[in-house]
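# structure of the sequence below:
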Amino acid sequence: MSLVRLNIKGISYSQTQNGAYALILSEVDGDRKLPIVIGAFEAQSIAIALEKEIKPPRPLTHDLFKNFSDRFDIVVKQVIIHKLVDGVFYSSLICERDKIEEIIDARTSDAIALALRFQAPIFTYKNILDKAGIYLKVNPKREEEHQSDNILMDEVLAEEIETSAGQDNFKGKTLEELHNMLDQAVANEDYETAARIRDEISKR
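Next up is the predicted model:
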């Protein structure tokens, strides 16, 4: 299976749903985006790694892992999102020490937080992107205005996700209705809901 390289596009959050964050990964040589729901701590850790000027007073957990790895000459060479089961993404860290390569299982949010600290590339398999990737309809003028911005949680792709309780009830919807809802969620930059609708479509 062929690998597809991904970049981090941004992090979206919701003030109405405590702890709900969506990490948006972007296909390097294409237009598809991969939304992944992550926890608050991991979202903070990723945001800090993206914004180089923010230096926490004490090492975060992922910083500790990086310092530990540096001390023992362990390098994370790449991260691969290799599996998607019931809406949950599974990832592997490809590590190397003394020219010996090891594969370590990791949560996708942790793997990406570490990839940023090791400046390691992020990949997924084409079949996963085919199954879970979505196309974002972005206003070209707005995209141009924010092209040079740093990726922060309060910028263009880090807007609040507004999700009502009724949106979670997708089981009674037809596939056509789900696809229409997915398009609407993407148009509204509601990536968390888009990810849930996408997972319901995948299950069927």
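# tell me who's in contact with Ala111.
If a contact means C-beta atoms under 8 Å, 6 or more residues apart in numbering, then Ala111 has Val79, Ile81, Ser91, Ser92, Leu93, Ile122 as its contacts. Yep, even glycine has a C-beta here, placed from its N, CA and C like the rest.
# and the pLDDT for it?
The predicted structure scores Ala111 at 97 on the pLDDT scale.
# pretty sure it is in a helix, no?
Yes. The assignment for Ala111 by DSSP: H, G, I helix; E, B strand; the rest coil puts it in a helix.
# any idea how far Val75 is from it?
Taken as C-beta to C-beta, to the nearest Å, the spacing of Ala111 relative to Val75 amounts to 14 Å.
# what's the answer for Phe68, then?
12 Å.
# and for Ile48?
In terms of C-beta to C-beta, Ile48 sits 21 Å off from Val75.
# same check on Pro57?
Relative to Val75, Pro57 is positioned 27 Å away (C-beta to C-beta).
# what do you get for Phe41?
Summarising the geometry, the distance separating Phe41 from Val75, computed by C-beta to C-beta, is 24 Å.
# the two: which is more packed in?
Neighbours per residue (other C-beta atoms under 10 Å) separate Phe41 from Val75, with Phe41 holding more: 16 against 13.
# okay, now the closest residue to that one other than its chain neighbours: neighbour count?
Beyond its immediate neighbours in the sequence, the residue positioned closest to Phe41 (C-beta to C-beta, 6 or more residues apart in numbering) is Thr61, lying 7.9 Å away. For Thr61, the neighbour count with other C-beta under 10 Å is 13.
# cool, the one 3 residues further on as well?
By other C-beta under 10 Å, the residues close to Leu64 number 11.
# give me phi/psi at it?
phi -60, psi -40 (degrees, to the nearest 10).
# could you look up the SS state of the residue nearest to the spatial centre of the chain?
Ranked by distance to the mean C-alpha position of the chain (C-alpha atoms, centre = their mean), the top residue is Leu23 at 3.3 Å. Assigned by three-state DSSP, the conformation of Leu23 is strand.
# the most far-flung residue of the chain relative to its centre: what's it in contact with?
In the chain, Asp98 marks the outermost C-alpha relative to the chain mean, sitting 30.6 Å out by C-alpha atoms, centre = their mean. When contacts are counted by C-beta under 8 Å, 6+ apart, Asp98 touches Asp73.
# tell me how far it lies from Ser69.
As it turns out, when the distance is counted by C-beta to C-beta, Asp98 lies 13 Å from Ser69.
# go on, Gln44?
Separation of Gln44 from Ser69 (C-beta to C-beta): 21 Å.
# sorry, back to before: among the contacts of Ala111, name the ones in strands.
If you go by DSSP state E, those have Val79, Ile81, Ser91, Ser92, Leu93, Ile122 in strands.
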